[in-house]
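> sharing a sequence plus its predicted fold:
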Amino acid sequence: MISTKVIVRKKRYEIVLGLLLHKTRNYYIYDYLKWNKFGKKDAMLFKVRSKSGVHTWFMSFPISVFFLKGMKVVEKVKLMPFETYKPKDSYDCFVELDASKVNEINIGDKLEFR
């Protein structure tokens, strides 16, 4: 089990905001304005079909991003704050997890959410 709490993002505004309103600790001055905590056992699932990129602008912690096609990992990346990434292939959805998870999940693994 990788995560005990999965936050699902479907609506446009939820997808745009993503983890922007979350923090792991009060590291940057603007973290004091954020009220949601994102823990090491949390995951955020974005239900979008796209080939567009993801970013970590204004985030205060690194994350692992896993791009899924049919719930199978087709691409993964670790992003530091204020980075952008554009995946090479299209995907059905993507998952954002704590940065340490990038080594626990491999390309080709099938993820299951309950």
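Perfect, I can see it now.
> residue boundaries of the strands in this structure?
Secondary structure of the chain (DSSP state E): strands located at 5-9, 22-23, 36-37, 42-46, 54-55, 63-69, 72-79, 84-85, 93-98.
> can you redo those strands as JSON lines with mean neighbour count, distance to Leu111 and mean pLDDT?
Every residue, glycine included, has its C-beta placed from N, CA and C. Shown next, in JSON lines, are these (neighbours: other C-beta atoms under 10 Å; distance: least, C-beta to C-beta, whole Å; pLDDT from 0 to 100):
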{"stretch": "strand 5-9", "mean neighbour count": "15", "distance to Leu111": "10", "mean pLDDT": "69"}
{"stretch": "strand 22-23", "mean neighbour count": "22", "distance to Leu111": "21", "mean pLDDT": "48"}
{"stretch": "strand 36-37", "mean neighbour count": "10", "distance to Leu111": "23", "mean pLDDT": "62"}
{"stretch": "strand 42-46", "mean neighbour count": "21", "distance to Leu111": "9", "mean pLDDT": "81"}
{"stretch": "strand 54-55", "mean neighbour count": "18", "distance to Leu111": "17", "mean pLDDT": "85"}
{"stretch": "strand 63-69", "mean neighbour count": "22", "distance to Leu111": "6", "mean pLDDT": "92"}
{"stretch": "strand 72-79", "mean neighbour count": "17", "distance to Leu111": "7", "mean pLDDT": "95"}
{"stretch": "strand 84-85", "mean neighbour count": "12", "distance to Leu111": "19", "mean pLDDT": "92"}
{"stretch": "strand 93-98", "mean neighbour count": "23", "distance to Leu111": "7", "mean pLDDT": "88"}
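> need these in CSV with distance to Glu112, can you?
Below are the strands of the chain laid out as CSV (distance: least, C-beta to C-beta, whole Å):
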stretch, distance to Glu112
strand 5-9, 11
strand 22-23, 23
strand 36-37, 25
strand 42-46, 12
strand 54-55, 22
strand 63-69, 11
strand 72-79, 11
strand 84-85, 24
strand 93-98, 12
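> indicate which one of those strands is closest to Arg114.
strand 5-9 (8.5 Å; C-beta to C-beta).
> Leu79 contacts Trp57, correct?
No. When contacts are counted by C-beta atoms under 8 Å, Leu79 is not listed as touching Trp57 (10.3 Å).
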